[in-house]
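*Asks:* below is the structure, and that's it, no one-letter string:
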């Protein structure tokens with residue numbers, strides 16, 4: 001990556017300050033956590049909402065992307081959806097947003113995403129692939145969890161990021177919250193880039209990325225919420241990328257392998273897929289972890305290649321929508 005690459009933690013901190021400075025509007029709660037860290041509750045006890053969800057999505061992107069909430073039509077179904085765009089695709093998504101850090105501390109477990117990962121390089125292979133490392137004395141992490149981090153968790157995060165706990169900002173939102181629904185759907189561009197990298201495209205060749213996905217209705221049960229948030233991406237997520245690829249034939253082969261419809265488990269609700277895999281993500285056909293539809297424009301040749309489809313019928317069923 002260029003030396004001019006942005007610091008995702010520095011950029012995200014501007015957005016964290018925005019949330020803290022207007023906590024009433026964002027419906028979040030701010031409190032001092034263990035060892036002096038700062039906790040931004042966006043859905044545990046706090047109400048949260050769409051405004052907070054949009055902001056948390058941009059924080060996850062390390063301040064290197066924008067998010068907006070718009071109504072989108074999926075056949076005869078209209079759902080609030082999140083549209084995301086970034087001019088730093090590899091850094092914003094794989095380098096920051098990707099939920100690649102499982103934090104386990106005694107009885108506390110959380111999925112960590114956001115800029116802090118770029119300090120501790122978790123997982124290392126992703127940062128080797130995109131050739132990026134952030135350097136900053138403050139860490140911003142987004143935790144998908146049912147409760148704020150414990151003292152042990154804060155200690156682990158701070159140590160791995162090589163910062164003092166007082167310079168740690170942890171944003172917490174359960175999957176079953178509104179913010180959880182918004183920010184997970186806001187991972188649609190990252191979902192596509194991650195899959196493209198797995199099937200052979202160097203993510204550093206992607207120069208722009210955008211996409212949208214429906215925001216699923218909230219479900220109070222965590223397992224059901226996990227199912228809906230994943231279904232939103234795999235059956236309703238749409239992405240568009242601009243890349244510099246030498247060969248159109250290579251790009252066509254890669255794009256054809258990317259959409260979720262390539263998976264052997266495609267068509268099943270994700271909570272069923274997860275249950276059949278005994279809640280072990282590594283036992284699930286990895287081809288499902290992809291957008292429903294992907295389009296890639298090759299800036300080098302002008303060719304644009306599309307693959308996949310939206311499955312509105314599946315979305316309606318999986319979101320639990322009842323027509324009267």
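*Replies:* In hand now; what should we look at? What you see is a predicted model, and the numbers here were worked out from it, not measured in a lab. Numbers count the residues shown, from 1 in each chain.

*Asks:* residue 248: neighbouring residues, count only.
*Replies:* 15 (other C-beta atoms under 10 Å). (Glycine included, C-beta is placed from N, CA and C.)

*Asks:* name the nearest residue to residue 20, sequence neighbours excluded.
*Replies:* residue 30 (5.4 Å; C-beta to C-beta, 6 or more residues apart in numbering).

*Asks:* distance from the helix or strand containing residue 53 to the middle of the chain?
*Replies:* With elements taken from DSSP states H and E, the one containing residue 53 is helix 50-60. Its chain's C-alpha centre and that of helix 50-60 lie 11 Å apart, by C-alpha atoms, centre = their mean, to the nearest Å.

*Asks:* now the helices: where do they sit in the stretch 151-300 of the chain?
*Replies:* 151-161, 178-185, 188-198, 222-236, 248-256, 270-276 (DSSP state H, counting those that start in this stretch).

*Asks:* can you map out the helices along the stretch 1-150 of the chain?
*Replies:* 8-21, 23-26, 50-60, 89, 117-120, 124-130.

*Asks:* please identify the most buried of the helices of the stretch 151-300 of the chain.
*Replies:* Counting by mean count of other C-beta atoms under 10 Å, helix 178-185 has the highest mean neighbour count of these, with a mean of 29.

*Asks:* what about that helix, distance to the chain center?
*Replies:* On C-alpha atoms, centre = their mean, the centre of helix 178-185 falls 9 Å from that of its chain.

*Asks:* who are the packing partners of it?
*Replies:* In terms of contacts (3 or more C-beta pairs under 8 Å, 6 or more residues apart in numbering; DSSP states H and E), helix 178-185 is packed against helix 50-60, strand 77-86, strand 139-144, helix 222-236.

*Asks:* quick one: buried residues of stretch 209-226?
*Replies:* In terms of neighbour count (16 or more other C-beta atoms under 10 Å), stretch 209-226 has its buried residues at 209-216, 218-219, 224-226.

*Asks:* hang on, residue 57 packs against residue 181?
*Replies:* No - counting by C-beta atoms under 8 Å, residue 181 is not a contact partner of residue 57; they are 11.0 Å apart.

*Asks:* which residues are in contact with residue 121?
*Replies:* 127, 133 (C-beta atoms under 8 Å, 6 or more residues apart in numbering).

*Asks:* pull up the gap between it and residue 130, please.
*Replies:* Noted for residue 121: a distance of 11 Å to residue 130, by C-beta to C-beta, to the nearest Å.

*Asks:* go on, residue 67?
*Replies:* 21 Å.

*Asks:* ok, now residue 43?
*Replies:* In terms of C-beta to C-beta, residue 43 sits 30 Å off from residue 130.

*Asks:* so for those two, which sits in the more crowded spot?
*Replies:* For residue 43 and residue 130, the more surrounded residue by other C-beta under 10 Å is residue 43, and the numbers stand at 31 against 21.

*Asks:* please consider this matter closed, and thank you.
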